[in-house]
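Enquirer: below are the sequence and a predicted model; questions follow.
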Amino acid sequence: MEHSNFDALQRASGTPANIDSHNRMTKLSQLVSDHQATLTAAMYKAHRDLYTFDVDHILNRLRANLYKYEGPSTDEPFVRWARRWVMKEAQRHRITEAILHEHSRIIHGAINDNLWMTSVEDRATQHHDVFWEITNLIFSKAHALNKSGTAKLSTRVYALVKRHCWFYHNTRNQRRLNSLTKHLNQGGELKCEVMSDEELAAERASLLEPDSFAHNATFVT
């Protein structure tokens, strides 16, 4: 048996290393509970209007990201790391709220400018659906959008919407249009489109791929 396979079996069978890792995560999670008041105060320091359910959400996300903490599982160093982490997440909420409040009109305008009508008709894409997709993108990229640079925030937001509409909606529609055009040029008939098993498999695979925006989007700073 290969050494890597043996290691995998050891990890799956409850080896001391695996047990130690589990015990460490349990202890860190307990530290989050023990210092919840301190962490909550830190969040409100970063975002004084944070909602209670956002506080709970951030604490749950902290617990899910405890594996990123590499320091000792003792109070002082862990609390320092955890305070920085939750404050950054609270800032993410604050930045997102500010962008949606101040630049909502730009977001809607950018969707209207860049989303092809053929995408709306062919893929049954609604404007409000794209808006919520953009809201999620803004939340995930809040710190990058808010960083200092030469480009205005409104310019970055518009660019984000433009790239998302192109890579996630328009490009897919363009591939389907090209395929149909090729079919007609080769003498095929225009009829109700039924995707083949291969096309359905390819479509499912594309939905499982990471968002193409993440690979192509850049921000001018």
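Expert: Great, that's in hand.
Enquirer: tell me which strands and helices the longest helix seen in the chain is in contact with?
Expert: Ranked by residue count and defined by DSSP state H, the top helix of the chain is helix 75-114. Here helix 75-114 touches helix 16-34, helix 36-46, helix 52-64, helix 127-140, helix 142-146, helix 153-164, going by 3 or more C-beta pairs under 8 Å, 6 or more residues apart in numbering; DSSP states H and E. Yep, even glycine has a C-beta here, placed from its N, CA and C like the rest.
Enquirer: how about those helices in TSV, adding distance to N114, mean neighbour count and mean pLDDT?
Expert: Below are the helices and strands packed on helix 75-114 laid out as TSV (distance: least, C-beta to C-beta, whole Å; neighbours: other C-beta atoms under 10 Å; pLDDT from 0 to 100):
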stretch	distance to N114	mean neighbour count	mean pLDDT
helix 16-34	42	13	89
helix 36-46	33	15	97
helix 52-64	30	14	96
helix 127-140	9	16	93
helix 142-146	17	17	94
helix 153-164	5	20	93
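Enquirer: make TSV from those helices and add distance to I106 to it.
Expert: Output for the helices and strands packed on helix 75-114, formatted as TSV (distance: least, C-beta to C-beta, whole Å):
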stretch	distance to I106
helix 16-34	38
helix 36-46	25
helix 52-64	24
helix 127-140	11
helix 142-146	12
helix 153-164	5
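Enquirer: before we move on, back to that, go through the longest helix of the chain and flag the buried ones.
Expert: Residues 78-79, 81-83, 85-87, 89-97, 99-100, 103, 106-108, 110-111, 114 are the ones in helix 75-114 that count as buried (16 or more other C-beta atoms under 10 Å).
Enquirer: start to end distance for stretch 65-78?
Expert: Criterion C-alpha to C-alpha, to the nearest Å; first-to-last residue distance in stretch 65-78 is 13 Å.
Enquirer: so what touches that stretch?
Expert: Residues from elsewhere that reach stretch 65-78 (C-beta atoms under 8 Å, 6 or more residues apart in numbering): R24, M25, K27, L28, S29, L31, V32, D34, H35, W81, A82, W85.
Enquirer: can you tell me the closest non-neighbouring residue to the last one?
Expert: Nearest residue to W85, sequence neighbours excluded (C-beta to C-beta, 6 or more residues apart in numbering): L62, at 6.0 Å.
Enquirer: go ahead and confirm that neighbour touches W81.
Expert: No. Using C-beta atoms under 8 Å, L62 makes no contact with W81, being 10.0 Å away.
Enquirer: and the angle from the longest helix of the chain to helix 127-140?
Expert: 150 degrees (axes from the mean of the first three to the mean of the last three C-alpha atoms, to 10 degrees).
Enquirer: quick one: contacts for the nearest residue to H35 once chain neighbours are set aside?
Expert: Using C-beta to C-beta, 6+ apart and skipping residues adjacent in sequence, the residue nearest H35 is V79, 5.3 Å away. The contact partners of V79, taken as C-beta under 8 Å, 6+ apart, are L31, H35, T38, L39.
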